[in-house]
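Enquirer: Requesting a structural model of the entry that follows:
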Amino acid sequence: MNAELPSGPIADPTDTDDSQLDEDLAVLVTELTDLLHKGQPVDLHQVCSEHPLCRQNPLLADELRAIWGTIIVTDAIGSHEVRFMGDSNSAASDSNVWRMSLPCNFGDYRLIEEVGRGGMGVVYRAEQIGLGRQVAVKMILKDQLASESERQRFFAEARATARLQHAGIVPVYDVGEIDGRPYFAMQYIQGRTLQELINTHSIDERQSVRIVAMIAEAVDFAHQNGILHRDIKPSNILVDSHGIARLTDFGLAKHTDAGESLTRTGVVLGTPSYMSPEQASGRMGNISPASDVYSLGSVLYHALTGRPPFVAKTTMDMLLQVMEQDPPSARLLNPEIDRD
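Expert: Now for the predicted structure:
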């Protein structure tokens, strides 16, 4: 870790009850996230071995390792996204983001406009010149400044999506690299995300159920082919003008058959509002198809009530709610929901 280790208050070594452990953990997490918000990398191994609180109580280091994957927060996105960054290159600053003058040519593609942007990737509406068709081209947000692990995860997302040929999953047409810039091209879906439909009150409860049912079939197909999505949320569901829903963004996918994670161990991207408790707690080994099913339920809850199952001022509070509480009954938030 480049920055000086936070010292933190030193607890009474004889006080090792659960409440003291939780208090020390909260103090330590606050210190470490403050460092990350300042753009300073954190060496978790060094913290666990050298921080005074961890030296006094080895259980604290174990707890920190268990939950660290879900602690790193990018509040600027405004959606409680959680990221684990294992090295200093992972925290993208604005100066690390490649920006293009549009429209422009990129290999066989004419990039026309930006249509989406996330923590790692940016998506453009484009024309595939050779075939004369409209596509969506996804590229790494940091372009040539991306780390090798980020490049591997990007191509892994493309491979995971390409092997899933289903009407409810956005298909991948082409994967490659041009001038050192990785990309993959997908079908361009003319429509809006489920998140946008919810925000604008553009769908009723029966439409919401139909959309989630279509996505559930797509998720089941992915599970049958050995892939967990692990980041199901309204903004990853595209609905076209005919009401057909498709699942996208397999950047967090995991192969269940070979046990091959498409992200490094401890890397967690997602939104706690839709995470299963085992995912929110960092117990990555416990994630299963049931975890995606939990996320589907959370998406349906949001569509029917207008808000996610859990709402909190801080991401840490959100994670604790997901792990320890049940959400309010959907009918308490929207008494008009059909009992069926």
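Enquirer: mind checking the backbone torsions on residue 138?
Expert: In this entry, residue 138 is assigned phi and psi values of phi -100, psi 140 (degrees, to the nearest 10).
Enquirer: And residue 128, by the same measure?
Expert: Here the main-chain torsion angles of residue 128 (degrees, to the nearest 10) amount to phi -80, psi 110.
Enquirer: Could you give the number of residues near it?
Expert: Residues contacting residue 128 under the criterion other Cβ atoms under 10 Å number 18. C-beta here means a position set from N, CA and C on the backbone, and glycine is covered the same way.
Enquirer: shouldn't it be in contact with residue 106?
Expert: No: if you go by Cβ atoms under 8 Å, residue 128 and residue 106 don't touch, sitting 10.6 Å apart.
Enquirer: wait, isn't residue 155 in contact with residue 183?
Expert: No: counting by Cβ under 8 Å, residue 155 stays clear of residue 183, with 10.0 Å between them.
Enquirer: who's more crowded, these two?
Expert: Ranked by neighbour count (other Cβ under 10 Å), residue 155 and residue 183 place residue 183 first, with 22 against 16.
Enquirer: tell me which element the more buried one falls in.
Expert: The secondary structure element spanning residue 183 is strand 181-187 (assigned by DSSP states H and E).
Enquirer: For that strand, name the packing helices and strands.
Expert: Judged by 3 or more Cβ pairs under 8 Å, 6 or more residues apart in numbering; DSSP states H and E, the packing partners of strand 181-187 are strand 133-140, helix 148-162, strand 172-178.
Enquirer: mind listing what's buried in the shortest one?
Expert: Yep, that's strand 172-178 we're talking about. Within strand 172-178, the residues scored as buried using 16 or more other Cβ atoms under 10 Å are 172, 173, 174, 175.
Enquirer: Taking these together, which two end up most distant?
Expert: Spanning the widest gap among the buried residues of strand 172-178 are 173 and 175, at 8.6 Å by Cβ to Cβ.
Enquirer: shared neighbours of these two, anything?
Expert: Taking Cβ atoms under 8 Å, 6 or more residues apart in numbering as the criterion, residue 173 and residue 175 both touch residue 185.
Enquirer: Helices of this protein, residue ranges please.
Expert: With DSSP state H applied, the chain shows helices at 18-37, 44-50, 52-56, 58-67, 148-162, 194-199, 205-224, 277-280, 289-305, 315-324, 330-333, listed in chain order.
Enquirer: With distance to residue 102 and mean pLDDT added, can I get these in TSV?
Expert: Listed next are the helices of the chain as TSV, based on distance: least, Cβ to Cβ, whole Å; pLDDT from 0 to 100:
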stretch	distance to residue 102	mean pLDDT
helix 18-37	31	70
helix 44-50	39	84
helix 52-56	49	86
helix 58-67	41	78
helix 148-162	21	82
helix 194-199	22	93
helix 205-224	31	96
helix 277-280	36	83
helix 289-305	32	95
helix 315-324	33	83
helix 330-333	41	92
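Enquirer: Quick one, which of these gets closest to residue 253.
Expert: Comparing the helices of the chain under Cβ to Cβ, the one sitting nearest is helix 148-162, at 4.2 Å.
Enquirer: got the CA positions of the closest one in CSV?
Expert: The C-alpha coordinates for helix 148-162 follow below in CSV (Å, rounded to 0.1, in the frame of the first residue of the first chain):
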residue,chain,number,x,y,z
GLU,A,148,-4.2,-7.1,-18.0
SER,A,149,-6.8,-8.4,-15.6
GLU,A,150,-9.4,-6.0,-16.9
ARG,A,151,-8.6,-7.0,-20.4
GLN,A,152,-9.0,-10.7,-19.5
ARG,A,153,-12.4,-10.0,-17.8
PHE,A,154,-13.6,-8.0,-20.8
PHE,A,155,-12.8,-10.9,-23.2
ALA,A,156,-14.2,-13.4,-20.8
GLU,A,157,-17.5,-11.4,-20.8
ALA,A,158,-17.6,-11.7,-24.6
ARG,A,159,-16.9,-15.4,-24.5
ALA,A,160,-19.5,-16.1,-21.9
THR,A,161,-22.2,-14.1,-23.8
ALA,A,162,-21.2,-15.6,-27.2
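Enquirer: Quick one: work out the angle between it and strand 181-187.
Expert: Taking axes from the mean of the first three to the mean of the last three Cα atoms, to 10 degrees, helix 148-162 and strand 181-187 form an angle of 20 degrees between their directions.
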